[in-house]
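[1] how would this look folded up:
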Amino acid sequence: MSVIERAAADEASARPIGAGAWRGHLDVVERDRIEGWALDETDPDRRLRLRITDNGALIGEVVADGYRADLRAAGAGDGCHAFSLIVPGGLAPDQRHTIEVRRVDDGRNLPGSPFLVAAGAPLAVAPSAVAPAWRGQLQLVAGDRVEGWAWDERARNSSLALALIDNGVVIARGLANRYRQDLAEADIGTGRHAFSFAIPDGFAPRERHVIQVIGETDGCEIPGSPVIIDARIPFDAVLEQTIANAIGAIGAPAERQHVLAFLAAQTERLLQHHADADAGREARLLRWRFEGPPDHGGDGGWVGESELPPQTQTTRRALVIDDLMPAADQEAAAVAILSHMRSLRALGFEVNFVAAESLAPEPRATAALQAQGIRCCHTPFYASVEEVLRRQRDCFDVIYLHRVSNAAKYLALARRYGGKARILYSVADLHHLRLARQADVEGRPELLTQSRQLRLAECSAAIAADAVITHSSAEAGWLRQTVQHANVHVIPWAVAPRPTPVPWADRRGIAFIGNFRFAPNRDAAAFLVAEILPKVWRADPSIDCLLVGASMPEEIRKLAGPRVRVLGYLADLADVFARVRLTVAPLRFGAGVKGKVLESLAAGVPCVMTPIAAEGLGLPETLRDAVSSDAQSLAEDILRLHAGGTMAEAMVSAGLAFISTHYTEANVERGLDDAISGRRVRQAPKAAPRRLEAGA
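    Residues are numbered from 1 along each chain as shown. Okay, the predicted model is just below:
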């Protein structure tokens, strides 16, 4: 084998990304000298500096500038690219030696390096002289596994027996018999010639490891072997104090700037390593070597997962972006996003969550999400949503943007950094519609300007996203009619039926439940106390009302009276449902599906509501009998239901059946699967949906 042919066999390892193409080889290791050659093909006149070590200790530096006629004859520059190092005192014959030759400028190993010499072995060796009669490559040496492929062309369908050696000791044996698609496509036997050695406890980090893979039958090393894993210094309290002392001793501004630049670069490097580990980037990059980045076109994602090599079988990943950490006990949108994240997990996704408005870690909320298998992205590892997307570029298969605020800010970034990720925009509710209705009810024309701006933002996001998610059938109709090219999916959230065990006869009164941070709930509570309840009390003064909800302002607390009790925030509504016979949702403006209506029905407690509160639910006829528009009609509905009887019983049964049929985990998973796969919802011919207007 010529010097050029010998170097060509190792060319891949000699061409690191970002480095010039260079060739060469460690040719001779003798007791008192080490020889070889090295050439930078992009700059043949440059003479490369090389550092030579034995068992990790520096034994000399050389310049590859010696003339060799065989190099000139082989076309290796002008032939002046050889090196030779005289080893002072020679290599000890009774010790094991690992000889490495690296470039000084970037630390890259020269092809043929490292070279191992066992204790007592003769030291007159040309490392390339003994080559296996079979083909293969050692491709990956990680902290807990060693992988590659090996194939004997003389026995095309057989599997080579291999031994894994760590520092001269055999630590594992196995067959190169795993299937890899790229090997099959390259006509490498049957394609079942890959190997993977698992290291259960990993390689000890404080030790230096020389990893070899050899053929059991002939003892020849696989190409790419050996590989060196250098010992790592533990980042313990001693090292921390050393670094702290060094920083404390910095004085001059120039020195401070240098140290800051160094620490910033190392921090950036460490943060990226953390993000790569989060993203499983190594496995994803290896997978793309086989099939390219995943394409979510129209077939629902990756196909043939079980046929891929084990090291490339990656989990699909979803990133969910919302304003804040979800508080399920305070607002319906949080209940919905938690339900959707659980369903993404059930569909096989690893789910990552980021709170756009506050990336500071919240231990209790984070622990609650982690208990459900959801990973949180927060400081100090990520400073912004953009940083999450940038550091984990191309590593998400789904990016789920909750609310128009996040779609407006991050949809373009999701396109930029998401690669072929499927981008879902979940509207939560149509914010512009809520504002327009509020402007109409409260007589505030200034809100119409904000409504128009939000309408444009919501329509733009619906056009740009791959799929739009809404919980309301009424809003879905509006979106399909207004943004005709949008792929709109009505996806509920899961609500578990939990009928109260307290009998109807043991309960009395009504309750209004809602988060008072939202203007529609504040208005509805005031409307209830000022206009509806007086009409109720004229007929039945024994009916008390409870006002329940988070973020209760003073204006609502002032509504308290002899028959109106203000309870404020309650973590568990079960006690409320066990006390009252029905709930009331007299919303005069708002949008989307009202979560507290669903919770009431799920508890077996009927709900008297306005058309705004019932909008988009698709209630059955029995439950629609408790929907009225004006104060007098709502008061009559309250009196009629509170009295009990056949109608109340029918509503309890109808509410529980409605929740059990429509608000299930299976329906959520089916809807999300459709949205992710790209399948469009086919609408049966029917009348045009009722227009959503202010005051509707």
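
[2] Any regions of the stretch 51-200 of the chain where pLDDT drops low?
    120-131 (pLDDT under 70).

[3] which helices and strands sit right next to the longest helix that the chain contains?
    Identified as the longest helix of the chain according to DSSP state H is helix 253-279. Under the contact criterion of 3 or more C-beta pairs under 8 Å, 6 or more residues apart in numbering; DSSP states H and E, helix 253-279 touches helix 385-391. Yep, even glycine has a C-beta here, placed from its N, CA and C like the rest.

[4] what comes up buried for the helix it packs on?
    Buried residues in helix 385-391, counted by 16 or more other C-beta atoms under 10 Å: Val385, Glu386, Glu387, Val388, Leu389, Arg391.

[5] likewise stretch 224-241?
    Residues Gly224, Ser225, Pro226, Val227, Ile228, Ile229 are the ones in stretch 224-241 that count as buried (16+ other C-beta under 10 Å).

[6] do stretch 390-407 as well
    Quick answer for stretch 390-407 (16+ other C-beta under 10 Å): 391-392, 394-407.

[7] how far out from the middle of the chain is the longest helix of the chain?
    Relative to the centre of its chain, helix 253-279 is centred 23 Å away, using C-alpha atoms, centre = their mean, to the nearest Å.

[8] ok, now stretch 81-100?
    Worked out by C-alpha atoms, centre = their mean, stretch 81-100 lies 49 Å from the chain centre.

[9] Okay, now it: how far is its last residue from its first?
    18 Å (C-alpha to C-alpha, to the nearest Å).

[10] One more: stretch 186-200?
    Start and end residues of stretch 186-200 are separated by 32 Å (C-alpha to C-alpha).

[11] Name the residues of it that are buried.
    Buried residues in stretch 186-200, counted by 16+ other C-beta under 10 Å: Ile188, Gly189, Gly191, Arg192, His193, Ala194, Phe195, Ser196, Phe197, Ile199.

[12] Tell me the one of these nearest Phe589?
    Using C-beta to C-beta, Ser196 comes nearest to Phe589 of the buried residues of stretch 186-200, at 61.0 Å.

[13] Quick check: that closest one vs Thr53, distance?
    According to C-beta to C-beta, to the nearest Å, Ser196 and Thr53 sit 30 Å apart.

[14] cool, and Tyr400?
    From Tyr400 across to Thr53, the span is 50 Å (C-beta to C-beta).

[15] Then Ala92?
    Applying C-beta to C-beta, the value for Ala92 to Thr53 is 15 Å.

[16] which of these two has more neighbours?
    Just comparing Ala92 and Thr53: by other C-beta atoms under 10 Å the higher neighbour count belongs to Thr53, 17 against 12.

[17] The buried residues of stretch 186-200 in strands, which ones?
    Judged by DSSP state E, those include Arg192, His193, Ala194, Phe195, Ser196, Phe197 as members of strands.

[18] Who is the fourth one paired with across the strands?
    According to DSSP bridges, the residues that bridge with Phe195 are Gly148.

[19] Give me the number of neighbouring residues for the residue lying closest to Val564 once chain neighbours are set aside.
    Nearest non-adjacent residue to Val564, counting by C-beta to C-beta, 6 or more residues apart in numbering: Cys545, 5.0 Å away. Residues within reach of Cys545, counting by other C-beta under 10 Å, total 24.

[20] now Cys545: how far from Leu528?
    From Cys545 across to Leu528, the span is 7 Å (C-beta to C-beta).

[21] Identify the contacts common to the two.
    Shared contacts of Cys545 and Leu528, defined by C-beta atoms under 8 Å, 6 or more residues apart in numbering, comprise Phe512, Val584.

[22] quick one, domains of the chain?
    Following automatic domain parsing, the chain resolves into domains at 3-125, 135-229, 237-279, 315-494+664-696, 504-663.

[23] Sketch out the low-pLDDT regions of this structure for me.
    Counting by pLDDT under 70, the chain shows low-confidence ranges at 1-21, 120-131, 285-314, 679-696.

[24] mind checking how far stretch 366-386 is from the chain centre?
    The chain centre lies 10 Å from the centre of stretch 366-386; the measure is C-alpha atoms, centre = their mean.

[25] Buried residues, that stretch. List them.
    Of the residues in stretch 366-386, those buried (16+ other C-beta under 10 Å) are Thr366, Ala368, Leu369, Ile374, Cys376, Cys377, His378, Phe381, Tyr382, Val385, Glu386.

[26] The third one is in what secondary structure piece?
    If I follow you right, that is Leu369. Assigned by DSSP states H and E, Leu369 belongs to helix 363-370.

[27] Which strands border the helix or strand that comes right after that helix, and is each parallel or antiparallel?
    Where DSSP H and E defines the elements, the next helix or strand beyond helix 363-370 is strand 374-376. Neighbouring strands of strand 374-376 in its sheet, by DSSP bridges, are strand 349-355 (parallel).
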